[in-house]
Every structure is written in C-alpha cells, then in structure tokens.
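Visitor: Provided below are the primary sequence and the corresponding predicted coordinates.
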Amino acid sequence: MALAIFATQLPLDAMGDPKLKRLLAYWQSRRRNGHLPLRKDLLPEEMAELVGRIKLVDVHGRPPKFSYRLFGTVLSRYFGQDLTGHSVDEVAPESLQTLVRRHLEEVVQAQSPICHEI
C-alpha cells in the first residue's frame, strides 16, 4: 500500500521560526535580477546556524531534473540517509519523491521560495 503524504502551502510570512526568517532574508538578498540564486551566491558560512537543516538543490535541463548538492546533517538524521550528491528521484517513499519534485518545479517556475507544512 502506498503511503499518502499531504502538504499545505503556507505564505512565506507564516514562518514563525526566526532562524527560517533569517534564512529567507539571506536567500532573497542573493537573488540576481529576480532569478534564483546560483550556488556561488550562497555561502554556507553565512548561514552556519542552519546549514544542517537546509538543502541546496541543483537544477539540470528541461524538463528540470533535481539533485542535492547539500543535504544537511539534521535532515539526513531525520530521513535516515544523506542524500548529498543524489537525485531527487532516489528519495523514498515514491509519494515523498513525487511531492518533493512537484515543490521544486514550483520554485523553478515561480523563481521564488515556497513554504509547505507536510
């Protein structure tokens, strides 16, 4: 039986965690002409307090394929595996993989971060 995973999109200003708000402000400050920041624009030492809780995702081609450049240690412990260097297509269960891919496609299309409660 497939595991059903649901997500509710939240407005970015609904993030209550001050650390996440600082991360969002940092990310927004690194945008270039309204486009997503490039990897070279994001310096892990400038977001050290959250580096264990973030994912940096590379986007390849059209339609986009996604791979994890960085999968933080806190996330790795939570998911039971370090996905750094792996494709989103390797995420298990498949229902989570589908959800993650859909969210990343939304980010690429909107050229903006999104927030979901899962």
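Guide: All right, it came through fine.

Visitor: and the next element down the chain from the helix or strand containing residue 23?
Guide: For residue 23, the element it lies in under DSSP states H and E is helix 18-29. As assigned by DSSP H and E, the chain's next helix or strand after helix 18-29 is strand 55-60.

Visitor: average pLDDT across that following strand?
Guide: Taken as a whole, strand 55-60 carries a mean pLDDT of 90.

Visitor: Mind listing what's buried along it?
Guide: 55, 56, 57 (16 or more other CB atoms under 10 Å). Where C-beta positions appear, they are placed from N, C-alpha and C, glycine not excepted.

Visitor: Which strands and helices lie in contact with that strand?
Guide: Counting contacts by 3 or more CB pairs under 8 Å, 6 or more residues apart in numbering; DSSP states H and E, strand 55-60 packs against strand 65-71, helix 94-110.

Visitor: that older thread, contact partners of the helix holding residue 23?
Guide: 12, 15, 37, 42, 46, 47, 49, 50, 54, 113 (CB atoms under 8 Å, 6 or more residues apart in numbering).

Visitor: ok, now with 10 Å
Guide: Helix 18-29 is contacted by residues 12-13, 15, 17, 36-37, 41-43, 46-47, 49-51, 53-54, 112-113, 115 when judged by CB atoms under 10 Å, 6 or more residues apart in numbering.

Visitor: can you check stretch 63-75 too?
Guide: By CB under 10 Å, 6+ apart, stretch 63-75 touches 39, 42, 44, 50-60, 78-79, 81-91, 100-101, 103-105, 107-109.

Visitor: Now the terminal residues of that stretch, how far apart.
Guide: 26 Å (CA to CA, to the nearest Å).

Visitor: cool, stretch 9-21 as well?
Guide: End to end - CA to CA - stretch 9-21 spans 16 Å.

Visitor: Low-confidence stretches in the protein?
Guide: For the chain, applying pLDDT under 70 flags the ranges 1-4.

Visitor: Great, nothing more from me.
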